[in-house]
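Novice: Predicted coordinates and the sequence they were generated for:
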Amino acid sequence: MTENETEFAVGESIARPASPELAARRAWRARRMALERHSQASTPDGPRRDIGRRIFSRVLRRTGRAMKGVGLHRPFARAARRLRLAEITLSFARLPPAFDGYRILHLSDPHFDGNAGLGEAAAALVRGLAVDLCAITGDFRFAHRGPFTERGVLEDVALLRDAISARDGVVATLGNHDPHELLEPLEELGVRVLVNEGMALRRAGGRLWITGTDDVYRFYTEAARAALAAFPAGEGDFGIALVHSPDLAVAAAAAKYDLYLTGHTHAGQICFPWGAPVVTHLRCEKSLARGLWRVGGLIGHTSPGLGTSALPIRLFCPGEATVLTLRRDATGAAQ
């Protein structure tokens, strides 16, 4: 292995977890299954019933039926498959020199089965891109509850995987729509799923440490905070947190992470013409609902997502794949 090659350490790699991690995953699975049976959401602020969200969902379902009745469903769904590619350069004082220019393709919230043809559209959008890493921050399927039966979602993941050219592979977290049964099928497709786990990529004395938590919007446990706290934050360490929602941004900033990649909000999905979202589905600070933001020394990126939730509609808020280029710079400012 040469000095410039990426090293995948045992227990910190794109490869499947080793034996010590398997025991932790068994404990995670038991807890996650119990939470999935619960009607209440488990959040960093305690249990929540989200009655307002349920009422809102009922209204949207009725709206969807009405759209189909008047022939609007297909044109709106077709418009929602018109995705865009955005490129952002971020500068960090602590980025190790060996990772200067590192490119991350950030994808989120595909909800593949909510809009037939989205998998093909997403694959076409990213085909031919040369990146170092692809990070997907959850919500692969459309359904909000119930066991995983939507096998077509995996076909779309495979399409996307084959279209992506990422030197260090594809890593992902689970979202609040994703049940525990989705973990193994994703990893069989070559996607490393991080559930309250960390991994490290090493190059020429520098280390890019990636921590992925389980969803914290509905399936929060203290294991998520513990995983973030495990970041060593030493000399030459650059920390990236992958969390489905922005709810742990303050905790990640306290743990000295440099970059926080998230989604969940769809950047509103349905927005006013000036870009302000009608609804964010956030419990934390609303300023974290879309695009770039800062919490202390932490830079965050909330993806608009690829897909749609509830209804296959996007207004003034197109679906997006984002390429983030990391640069080493003393100012640490976005460019």
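Specialist: Nice, I can see it. Residues are numbered from 1 along each chain as shown.
Novice: Tell me where the model's unsure across the chain.
Specialist: Counting by pLDDT under 70, the chain contains low-confidence ranges at 1-20, 50-68, 71-73, 330-335.
Novice: for the stretch 101-250 of the chain, what spans make up the helices?
Specialist: All helices of the stretch 101-250 of the chain, identified by DSSP state H, counting those that start in this stretch, fall at 118-126, 152-163, 183-188, 222-229, 249-254.
Novice: what's the closest of these to residue 314?
Specialist: helix 118-126 (11.4 Å; Cβ to Cβ). From N, CA and C alone the C-beta is placed, and that goes for glycine too.
Novice: Residues in contact with that closest one: which ones?
Specialist: 80-85, 105, 107, 110-112, 155-157, 159-160, 162-164, 306-307, 321 (Cβ atoms under 8 Å, 6 or more residues apart in numbering).
Novice: List buried residues within the residues you listed.
Specialist: For these, a burial check counting by 16 or more other Cβ atoms under 10 Å picks out 80-81, 83, 105, 107, 110-112, 156-157, 159-160, 163-164, 306-307, 321.
Novice: Tell me which residue of the protein is furthest from the middle?
Specialist: Centroid-distance maximum for the chain: residue 70 at 34.4 Å, with Cα atoms, centre = their mean.
Novice: Just put the helices of the stretch 101-250 of the chain in TSV and tack on distance to residue 283.
Specialist: Listed next are the helices of the stretch 101-250 of the chain as TSV, based on distance: least, Cβ to Cβ, whole Å:
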stretch	distance to residue 283
helix 118-126	27
helix 152-163	26
helix 183-188	25
helix 222-229	14
helix 249-254	12
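Novice: Now the terminal residues of stretch 75-84, how far apart.
Specialist: 18 Å (Cα to Cα, to the nearest Å).
Novice: of all the helices of the stretch 101-250 of the chain, which lies closest to residue 92?
Specialist: helix 249-254 (13.8 Å).
Novice: Which positions within the closest one qualify as buried?
Specialist: Applying 16+ other Cβ under 10 Å to helix 249-254 flags 249, 250, 251, 252, 253 as buried.
Novice: From what I see, the last one and residue 298 are in contact.
Specialist: Yes - contact between residue 253 and residue 298 holds when scored by Cβ atoms under 8 Å: they sit 4.0 Å apart.
Novice: from what I can see residue 153 touches residue 115, true?
Specialist: No - with contacts counted by Cβ under 8 Å, residue 153 stays clear of residue 115, the gap being 11.8 Å.
Novice: Which residue is the nearest non-sequential neighbour of residue 112?
Specialist: Of all residues not flanking residue 112 in the chain, residue 156 sits nearest, at 4.0 Å (Cβ to Cβ, 6 or more residues apart in numbering).
Novice: Distance-wise, check the residue nearest to residue 107 when sequence neighbours are not counted relative to residue 188.
Specialist: In space, and not counting its chain neighbours, residue 107 is closest to residue 136: 4.7 Å by Cβ to Cβ, 6+ apart. Per Cβ to Cβ, to the nearest Å, residue 136 is found 15 Å from residue 188.
Novice: More neighbours: which of those two?
Specialist: residue 136 (32 against 11; other Cβ atoms under 10 Å).
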